[in-house]
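Enquirer: everything below, folded, please.
(2 chains)
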Amino acid sequence: MATVRNRLKSMLARSAQSIAGYRDLETEVTIELDIPRNAGHGDYASNFALAVSKRLKRNPREIASEIVAGLGDSEGLLEKVEIAGPGFINLFVCPSAWQEIIREILVDPREYGRLKGAEHPMVQVEFVSANPTGPLHIGHGRGAAIGDVLANLMEARGCTVQREYYINDAGNQMDTLGRSLYYRYMQEIGENIEFPDNHYRGDYLRELAREFIADRGESFRASPLTECLPVFTEYAGRRIFEGIKEDLDVFGVRFDTWFSERELHDRGLVAQTIEYLRDRGFIYEHEGALWFRSTTFGDEKDRVVVRANGVTTYFAADLAYHRNKFERGLQSVIDIWGADHHGYVNRMVAGVEAMGESRDAVRIVLVQLVNLLRGGQPVAMSTRGGEFVTLREVVDEVGKDATRFIFLTRRTDSPLDFDLEVAKARSNDNPVFYVQYAHARLCSIFEVARERGLEFDWRATTPETLGLLQVRQEFELMKLLGQYPEVVGECVRSLEPHYIPYYLHQLVSLFHGYYHDNRILGEDAELTKARLCLALAIKEVIANALSLLGVTAPEKM
RNA sequence: GCGCCCGUAGCUCAGGUGGAUAGAGCGUCGGACUUCGAAUCCGCAGGCCGCAGGUUCGAAUCCUGCCGGGCGUACCA
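Expert: Reported below is the predicted structural model:
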């Protein structure tokens, strides 16, 4: 069913067609509805008359009254309409329209807020994609949460979504990793050898070296590095990657596909892509290197794809990778990147466009950095320096739910302070418990109802019974429940999940206040039924929203 | 230097496509449990929305210029 807002919008749009002079305008003015802050201004308000008054050269209040006169409210949606101030049209919706929302939710709670369109565009969300040279850190965790939830949201809006992890397992960073393990290995078996600069210093490689010794013994003591390096590289890469998968699993993140960069090279796709772009006239030679003409598509300078020494760049692999994505039949690609990669956005979009895709076939979400704090004090983080806090440590310490919720409660392009002490607190500081508590509390109401032998089936509840919901907070709750589909839609439109946690907080806060002031299980049997319907709808929407966030909705806490 | 992002309450942050009196949490202070969960609720205080112009009926929101902060500016990965 269309939302109340959309039904009102089309009513207004029909009426606007009959305004004198409106149809002569070259472009239509889209009708938008605001929810006024002040309840006296109605449930929804339109500024349409103000927006067109200049172009029609007419008084906005006159226009507004014509629109109001022409409103055909065949559904009986409106209780009253007022023209206010300079020409706002304030719409007051009938109570029954809000009460219907409860039934709409309860018919299929898990589908509420979702869209089942005829089209199911194939969308890929590529995220995390951390180099397999060390464990995931807290910043990766933020990208993981955002990517995972965006994927959930796209699915909710009718897309077929593929979650992909791009593994940067090519290039000399893997050799550096292998050498790093080798040096730790030699140290662990008692060789007096210095750990060189520019290698991975993290403690995880000391641990890995000890595991390696347990697995393979000390037989490489006499082997020259050049000879045994592949063994160390393979071991380190494999074990670290296994660790990454496990950490993601604990964090509740799963991928459909793992795409290897090395495979891209091995299958010749990088070379093929360069040839493909050369055929299309976007590759030229300059000072011994091959360049991609990304300036054609708005990049600030052209980019090297093959260096003078014959080695392809990372960007060349990225071009091949994105070409491959579209060849796999994806219609839309969303890349979740760390904000420190923002300089690569233009060249990547240029690359996609050069391959004949539209500019917006690829959308890049930049996730800002996470500042890790403990009790207000910064915690130093540096991969090479080896002093950092892993995602796993954070999740083990503060839990999956709190970690995800905090990551998702900020705009993606806003830097995030993550304080371990706050995240760990089982208190008001921690918004996830506030929301989860409401769910547990709602569950316990139904538990008590059962204990009291109360017969309750929302299907048997009539509109007349729901009409007993008349308290101010009940209307506020019903209206807010009605907004949920729009909130989900807004997240998808803007690729920003944070609206969901804010919505949840608002909903739960309203509920806690309502609960405090009113008895759900009261003296009046019919009113109790009506309130249980409302309570059930709230509980379902909370669970629905939490599941989109990948956060559990506990029945008890 | 150039580019991208950000400056909103003491702190951390929300404020689609411009709307009517700028919001929340935390913190401070003061109240509310004999009841369906007090991990809750209610109230007080707290603001030149970085600064200065501009656009218009109307700007936290759009434009320009400053100031301040983060990141990026490789034939690295």
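Enquirer: and the residue minimising distance to the centre of chain A, what element?
Expert: When chain A is reduced to its mean C-alpha position, the nearest residue by CA atoms, centre = their mean turns out to be A:Leu150, at 3.1 Å. Assigning secondary structure by DSSP states H and E places A:Leu150 in helix A:138-156.
Enquirer: surely the residue nearest to the centre of chain A is in contact with A:Asp335?
Expert: No. Counting by CB atoms under 8 Å, A:Leu150 stays clear of A:Asp335, with 10.9 Å between them. C-beta here means a position set from N, CA and C on the backbone, and glycine is covered the same way.
Enquirer: and for those two, which residues touch both?
Expert: Shared contacts of A:Leu150 and A:Asp335, defined by CB atoms under 8 Å, 6 or more residues apart in numbering, comprise A:Phe127, A:Val365.
Enquirer: wait, what's in contact with the closest residue to A:Leu277 other than its chain neighbours?
Expert: Excluding the flanking residues, the one nearest A:Leu277 by CB to CB, 6 or more residues apart in numbering is A:Ile283, at 5.0 Å. Residues in contact with A:Ile283 (CB under 8 Å, 6+ apart) are A:Ile274, A:Leu277, A:Leu290, A:Trp291, A:Phe292, A:Arg293, A:Val305.
Enquirer: which strands and helices lie in contact with the helix or strand A:Tyr321 falls within?
Expert: In this assignment (DSSP H and E), A:Tyr321 forms part of helix A:314-327. If you count contacts as 3 or more CB pairs under 8 Å, 6 or more residues apart in numbering; DSSP states H and E, helix A:314-327 packs onto helix A:261-266, helix A:269-279, strand A:289-292, strand A:303-306, strand A:332-338, helix A:345-354.
Enquirer: buried sites along it?
Expert: A:Phe315, A:Ala316, A:Ala317, A:Asp318, A:Leu319, A:Ala320, A:Tyr321, A:His322, A:Arg323, A:Asn324, A:Lys325, A:Phe326 (16 or more other CB atoms under 10 Å).
Enquirer: ok, and A:Arg363, which helix or strand is that part of?
Expert: For A:Arg363, the element it lies in under DSSP H and E is strand A:362-367.
Enquirer: quick check: neighbours of the helix or strand following that strand in the sheet, parallel or antiparallel?
Expert: For strand A:362-367, the following helix or strand on the C-terminal side (DSSP H and E) is strand A:370-374. The pairing partners recorded for strand A:370-374 under DSSP bridges are strand A:377-378 (antiparallel), strand A:416-419 (parallel).
Enquirer: give the buried residues for strand A:370-374.
Expert: For strand A:370-374, burial by neighbour count (16+ other CB under 10 Å) applies to A:Val370, A:Leu372, A:Leu373.
Enquirer: what do you get for stretch A:261-271?
Expert: Quick answer for stretch A:261-271 (16+ other CB under 10 Å): A:Glu261, A:Leu264, A:His265, A:Leu269, A:Val270.
Enquirer: widest-spaced pair of these?
Expert: Across the buried residues of stretch A:261-271, the longest distance by CB to CB is 10.1 Å; it joins A:Glu261 and A:Leu269.
Enquirer: return the distance of stretch A:441-453 from the chain's centre.
Expert: 34 Å (CA atoms, centre = their mean, to the nearest Å).
Enquirer: hmm, I was thinking of stretch A:12-29
Expert: Worked out by CA atoms, centre = their mean, stretch A:12-29 lies 38 Å from the chain centre.
Enquirer: which segments of chain A make up each domain?
Expert: Chain A breaks down by automatic domain parsing into domains covering A:4-93, A:122-167+A:253-367, A:172-250, A:427-549.
Enquirer: quick one: the third one to chain centroid distance?
Expert: Distance, stretch centre to chain centre, for domain A:172-250: 35 Å (CA atoms, centre = their mean).
Enquirer: show the average pLDDT along it.
Expert: Across domain A:172-250, pLDDT averages out at 93.
Enquirer: out of the buried residues of helix A:314-327, which is nearest to A:Arg347?
Expert: A:Phe315 (6.5 Å).
Enquirer: show me the contacts for the closest one.
Expert: Contacts of A:Phe315 by CB under 8 Å, 6+ apart are A:Phe292, A:Arg303, A:Val304, A:Val305, A:Tyr344, A:Arg347, A:Gly351.
Enquirer: out of the buried residues of stretch A:261-271, who's nearest RNA strand B?
Expert: Nearest to RNA strand B among those is A:Glu261, at 8.1 Å by CB to the nearest atom of the strand.
Enquirer: surely that closest one meets A:Asp169?
Expert: Yes. Contact criterion CB under 8 Å: A:Glu261 and A:Asp169 qualify, at 5.7 Å.
Enquirer: hmm, back to that, so of the strands paired with strand A:370-374, which one's packed in deepest?
Expert: Mean neighbour count, computed with mean count of other CB atoms under 10 Å, is highest for strand A:416-419 among these, reaching a mean of 18.
Enquirer: list the helices and strands the next helix or strand after that one packs on?
Expert: For strand A:416-419, the following helix or strand on the C-terminal side (DSSP H and E) is helix A:420-424. For helix A:420-424, the packing partners by 3+ CB pairs under 8 Å, 6+ apart come out as strand A:370-374, helix A:391-398, helix A:400-408.
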